[in-house]
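Enquirer: pasted the sequence and its predicted model underneath.
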Amino acid sequence: MKKLSIVLIILLLVLPLFSLTVTDLQSAMMGGNPDIMKAREEVSKASLDVKDAKSGYSPTIDLTITGSYIANPIDPIRVNLGDYINTTAYGIPNDYVTIYNGQESMYYQFQLSLTQPVFTWGKITNAVRLYQKVYDARVLQLEDAIEKAQTELRTRVAALYYLLQIQKLLESQREIADKLVGHADNAQQNGMMLATDALKIKVQSRQIDVAKAQIDQQIVLMVTELRNLTGLKDFTADDIEFDEAEFDAKLDALKGTEYSTLSSRCLSDSRTTFQLLGALSQIAELTNDIAGASVNWKPDMALVVNADYSGSRLPFAQKDWYGKDDWSATITFALKTTIVDGGKAVRNVKRTESAVSEAQMDIQSAKAKVQSAVDENWTNLSVYLAQIDYQDALQSQLEAQGEVDKQLLDTGYGSESDYLQGQLESNNCGIEILRTRISLATAVYTLLYLQGDRSL
């Protein structure tokens, strides 16, 4: 954690000078993402629970010390010997004899108790196993939180990269639209264009303004989400780098994967999600075992040793404390069980059995959802690639036509409005390709997450 904090501080210091790669953002995210930090704390608490459970094997030692001050203690008791016997006949002096020295003002009491479980029908062992499984589940939850955060980070960085490119194309569209509006106004004034046709061009220009405003908003929101995700607050959209070549390599690898192979990887029991659900199922089974050991007529056995001291002298501190026989020690073998509880223990066993069944059903339900997500994103992958191929071919066609229009315009036979309109349509194809690339990135990174690709 100290090394991570140092890296984070250095990253914050150099933030204005250098661009942030996805690796930089991931490093910051490991120390600044709230979900990851919370999951890490849950792991720490689960580790303490395991130690608490293991302490059940060891004896419990309790020490109780009390000291009491008596404001009005009992006075000494003295009797006159001559009142009871003939002191003259026995040659004994007639004097007072102390029968009771009286009560002292201080009274101390010490009790030391040791309890050692002997036989608990496996409750302690199962409790240790239970909390160990809870710890394992917390570790898996941490891994899953990291994988999900990495997937979201990669997806958002890719989306931001393509949104910035769309923003630039829309700025170019804005310039082209302004020229078209200018030509439309001149043509309308010269009687070469109807007012309705000129209005259509102006409306088209307004649509570009709306689209650019929407993209600007999406960029701001994307940066905000990335800041929340990583814990970094001072970077801008232009500070983030995206390695498109790396993304294309992952896309090609997915395209070259057989569907059956991909599906089997995503549904493998080794996946973090299914390991976590498996751990939860085992937790339910151990809970059932513990409940079964707590039913009626299954006694817990323990050895109890007690040592007591009480008296008016403070041990080891005052004189003559050991001279009084004020201590005692007992060794007890205790047995405790519930005989009748109205069927509560039996019903508790049935509840835990139901929890075991639910855990198994959760695994099956999760696999069905993963399979559905795999199918959806796999088919989306094909659809998005087909859309990109179509838009790319259409853009190539429009660019070729644009070259022809430019040549005609240079020779004085073409119309600048036609040429600019073709540029608009070509840029629209580029925008649609970039929008589809955003959806494509979502599908790619989702499939990588589902199959457990650690490199993401």
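Expert: Ah, there it is.
Enquirer: which residues touch stretch 161-174?
Expert: Stretch 161-174 is contacted from outside by 205, 208-209, 211-212, 215-216, 218-219, 222, 237-238, 240, 242, 244, 424, 427-428, 430-431, 434-435, 437-438, 441, using Cβ atoms under 8 Å, 6 or more residues apart in numbering. Bear in mind the C-beta positions are built from the backbone N, C-alpha and C, glycine included.
Enquirer: quick one: contacts for residue 209?
Expert: Listed by Cβ under 8 Å, 6+ apart, the contact partners of residue 209 are residue 174.
Enquirer: tell me the pLDDT at it?
Expert: Confidence at residue 209, expressed as pLDDT, is 87.
Enquirer: tell me the SS of it?
Expert: Here residue 209 is helix, with the state taken from DSSP: H, G, I helix; E, B strand; the rest coil.
Enquirer: coming back round to it: restricted to helices, list the contacts of stretch 161-174.
Expert: Here DSSP state H is the test, and those give 205, 208-209, 211-212, 215-216, 218-219, 222, 244, 424, 427-428, 430-431, 434-435, 437-438, 441 as lying in helices.
Enquirer: can you select the buried ones among those residues for me in ChimeraX?
Expert: In ChimeraX, this line selects whichever of the ones in helices among the contacts of stretch 161-174 come out buried by 16 or more other Cβ atoms under 10 Å:
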select :205,208,211,212,215,218,219,222,424,427,428,430,431,434,435,437,438,441
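Enquirer: direction included, what does the longest strand along the chain pair against?
Expert: If you go by DSSP state E, the chain has its longest strand at strand 106-119. As defined by DSSP bridges, the strand partners of strand 106-119 come to strand 60-69 (antiparallel), strand 300-311 (antiparallel).
Enquirer: got JSON lines for these, with mean pLDDT too?
Expert: Below are the strands paired with strand 106-119 laid out as JSON lines (pLDDT from 0 to 100):
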{"stretch": "strand 60-69", "mean pLDDT": "88"}
{"stretch": "strand 300-311", "mean pLDDT": "86"}
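Enquirer: which one of these lies closest to residue 226?
Expert: strand 60-69 (51.5 Å; Cβ to Cβ).
Enquirer: pull up the pairing partners for the next helix or strand after that closest one, direction included.
Expert: Next helix or strand after strand 60-69 toward the C-terminus (DSSP states H and E): strand 77-80. According to DSSP bridges, strand 77-80 has the following sheet partners: strand 96-100 (antiparallel).
Enquirer: wait, doesn't residue 79 sit right on residue 94?
Expert: No. The pair residue 79 and residue 94 does not pass the contact test of Cβ atoms under 8 Å, sitting 11.6 Å apart.
Enquirer: hey, what's in contact with both of those two?
Expert: Common contact partners of residue 79 and residue 94 (Cβ under 8 Å, 6+ apart): none.
Enquirer: returning to what we had before: pLDDT on the longest strand of the chain, on average?
Expert: On average, strand 106-119 scores 87.
Enquirer: now do the buried residues in it.
Expert: By 16+ other Cβ under 10 Å, the buried positions in strand 106-119 come out as 107, 108, 110, 113, 117.
Enquirer: how close does the last one sit to residue 205?
Expert: Here the distance between residue 117 and residue 205 works out to 83 Å (Cβ to Cβ, to the nearest Å).
Enquirer: same question for the second one.
Expert: From residue 108 over to residue 205 the distance is 96 Å, taken as Cβ to Cβ.
Enquirer: same check, this time on the fourth one
Expert: For residue 113, the distance to residue 205 equals 88 Å [Cβ to Cβ].
Enquirer: just to revisit the earlier point, possible to save the strands paired with strand 106-119 as JSON lines with distance to residue 21?
Expert: Listed next are the strands paired with strand 106-119 as JSON lines, based on distance: least, Cβ to Cβ, whole Å:
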{"stretch": "strand 60-69", "distance to residue 21": "55"}
{"stretch": "strand 300-311", "distance to residue 21": "59"}
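Enquirer: mean neighbour count, those: which tops it?
Expert: strand 300-311 (a mean of 16; mean count of other Cβ atoms under 10 Å).
Enquirer: CA-only coordinates of that strand in PDB, if you can.
Expert: What follows is strand 300-311, C-alpha atoms only, in PDB (Å, rounded to 0.1, in the frame of the first residue of the first chain):
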ATOM      1  CA  ASP A 300     -20.900 -29.600  23.900                       C
ATOM      2  CA  MET A 301     -18.200 -30.700  26.400                       C
ATOM      3  CA  ALA A 302     -15.600 -28.600  28.000                       C
ATOM      4  CA  LEU A 303     -13.100 -28.600  30.900                       C
ATOM      5  CA  VAL A 304     -13.400 -25.700  33.400                       C
ATOM      6  CA  VAL A 305     -10.800 -24.900  35.900                       C
ATOM      7  CA  ASN A 306     -11.400 -22.200  38.600                       C
ATOM      8  CA  ALA A 307      -9.000 -20.800  41.100                       C
ATOM      9  CA  ASP A 308     -10.300 -18.300  43.800                       C
ATOM     10  CA  TYR A 309      -8.800 -16.200  46.500                       C
ATOM     11  CA  SER A 310     -10.600 -13.900  48.900                       C
ATOM     12  CA  GLY A 311      -9.400 -12.100  52.000                       C
END
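Enquirer: quick check: next helix or strand after that strand?
Expert: Sequence order places strand 327-336 as the next helix or strand after strand 300-311, per DSSP H and E.
Enquirer: quick check: mean pLDDT across that next one?
Expert: Mean pLDDT, strand 327-336: 83.
Enquirer: now for that strand, which elements pack on it?
Expert: strand 300-311 (3 or more Cβ pairs under 8 Å, 6 or more residues apart in numbering; DSSP states H and E).
Enquirer: how about residues contacting the strand it packs on?
Expert: 107-121, 123, 315, 321, 324, 326-337.
Enquirer: what do you get if the cut-off is 6 Å, keeping everything else the same?
Expert: Outside strand 300-311, the residues that touch it by Cβ atoms under 6 Å, 6 or more residues apart in numbering are 109-120, 324, 326-336.
Enquirer: also stretch 40-52?
Expert: Under Cβ under 6 Å, 6+ apart, the answer for stretch 40-52 is 131, 132, 134, 135, 138, 139, 142.
Enquirer: let's see it at 7 Å
Expert: With contacts defined as Cβ atoms under 7 Å, 6 or more residues apart in numbering, stretch 40-52 is touched by 131, 132, 134, 135, 138, 139, 141, 142.
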